[in-house]
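> Quick one, fold the following:
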Amino acid sequence: MLEINEEIMKSVMNKSYEFQMGCYFSNSEKIKGALLLWSDKINDIYWNYASKINVDESGKEKLIKKVIAFFREKNRQPELYITPFTGPKNLAEYAKTIGFKSVSKDAWMFYEGKEPRVKLPDNFSIKQVKTEEEMRIFIDVFHKAYSGATPDEPYGAIPKEYDDCLIRAFRNPRKKNKMINYLGMLDGIAVGVATLVFSENYGCIYNVGTVPAQRRKGVGAILTMTAVADYVKNNANVVFLQTEEGTANELYYKKLGFSTKFIGEALCWMLSITGFTRQLIRV
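Predicted coordinates for the structure are as follows:
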């Protein structure tokens with residue numbers, strides 16, 4: 001594995017956006033000083049925001065007005081995604097004075113553990129999804145895993161719109177990225193899921209989940225480490241994931257050998273009418 005420096009962290013953000021384009025993200029647009037990402041199916045804070053923000057002090061107000069106008073036109077809540085690489089450094093503090101509020105913080109985690117060796121219990125097997133029927137099973141387990149049924153699920157219940165995004169990505173794989181969807185089978189019944197997307201030297205793990213009745217039996221750990229092992233087999237050396245900072249999930253992945261390298265903070269615009277928004281027409 002490579003030493004994780006700032007250049008790799010920035011590259012990982014680019015790869016994450018590339019990996020999810022055509023799945024949870026439907027499109028993107030570059031404007032001066034930012035990258036705008038959105039979903040045509042999902043209307044939540046996780047897949048609609050301005051990222052890679054880099055303007056000088058004098059340009060921050062104009063940029064924010066453009067972001068607000070852009071996402072309001074798309075019927076999405078305007079959002080800024082703030083990282084250690086955002087410029088100017090005081091953008092988060094400024095945004096909070098004009099109606100933005102912090103709504104979530106992502107821990108960007110990188111695998112720094114030993115070379116993974118996965119040993120499956122006798123009654124457990126892993127299947128890579130190959131057919132649409134298997135993908136439907138994957139989605140069913142995914143929804144049960146992200147149902148919001150237990151207090152340790154930081155994301156709550158996943159909307160049904162995620163189904164369409166997962167099916168779209170399965171039916172229309174992107175040529176330069178490889179995607180593996182895993183089903184964890186306990187006594188022949190699907191109880192867990194995970195996804196690995198990778199290309200070149202970068203890979204990301206998504207969608208890790210276990211149905212509530214089968215948790216704390218190592219299903220998620222086995223699926224996660226299987227994805228890491230498959231990634232290493234393909235000669236890649238940077239594997240990462242995102243989860244909510246400060247949750248049981250972050251601690252869980254730390255125990256598996258992942259380390260948090262930086263935090264991404266989502267700031268949503270919570271005001272509908274202000275003097276600031278009345279000036280949007282002047283942008």
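> Can you give me the distance of the most centrally placed residue in the chain to residue 207?
Nearest residue to the geometric centre of the chain (Cα atoms, centre = their mean): residue 242, 5.5 Å. Note on residue 242: its distance to residue 207, by Cβ to Cβ, to the nearest Å, is 11 Å. Quick note: C-beta positions are derived from backbone N, CA and C, even for glycine.
> and what of residue 258?
16 Å.
> With neighbour numbers in mind, choose between the two.
A count of neighbours by other Cβ atoms under 10 Å puts residue 258 above the other of residue 258 and residue 207, at 24 against 21.
> ok, now which ones touch the residue nearest to the more buried one when sequence neighbours are not counted?
Leaving out its chain neighbours, the residue that sits closest to residue 258 by Cβ to Cβ, 6 or more residues apart in numbering is residue 109, at 4.0 Å. Taking Cβ atoms under 8 Å, 6 or more residues apart in numbering, we find residue 109 in contact with 240-243, 250, 253-254, 258-261.
> redo that, cut-off 6 Å
Contacts were defined as Cβ atoms under 6 Å, 6 or more residues apart in numbering; by that measure residue 109 touches 241, 253, 258, 260.
> mind checking the SS state of the first one?
By that I understand residue 241. strand (DSSP: H, G, I helix; E, B strand; the rest coil).
> pLDDT below threshold where in the protein?
1, 149-156, 234-235, 271-283 (pLDDT under 70).
> how does it divide into domains?
6-110+264-282, 124-239 (automatic domain parsing).
> Could you work out which of those domains reaches nearest to residue 116?
Closest to residue 116 of those, according to Cβ to Cβ: domain 124-239, at 4.3 Å.
> could you pull out the strands for the stretch 1-150 of the chain?
Counting by DSSP state E, counting those that start in this stretch, the stretch 1-150 of the chain has these strands, from start to end: 27-31, 34-38, 49-51, 79-82, 100-111, 124-128.
> Given the strand or helix carrying residue 267, what are its sheet partners and their directions?
Using DSSP states H and E, residue 267 sits in strand 258-269. Strand 258-269 has the following strand partners under DSSP bridges: strand 79-82 (antiparallel), strand 100-111 (antiparallel).
> Need these in TSV (columns: distance to residue 163).
Listed next are these as TSV, based on distance: least, Cβ to Cβ, whole Å:
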stretch	distance to residue 163
strand 79-82	23
strand 100-111	22
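> out of those strands, deepest packed?
strand 79-82 (a mean of 24; mean count of other Cβ atoms under 10 Å).
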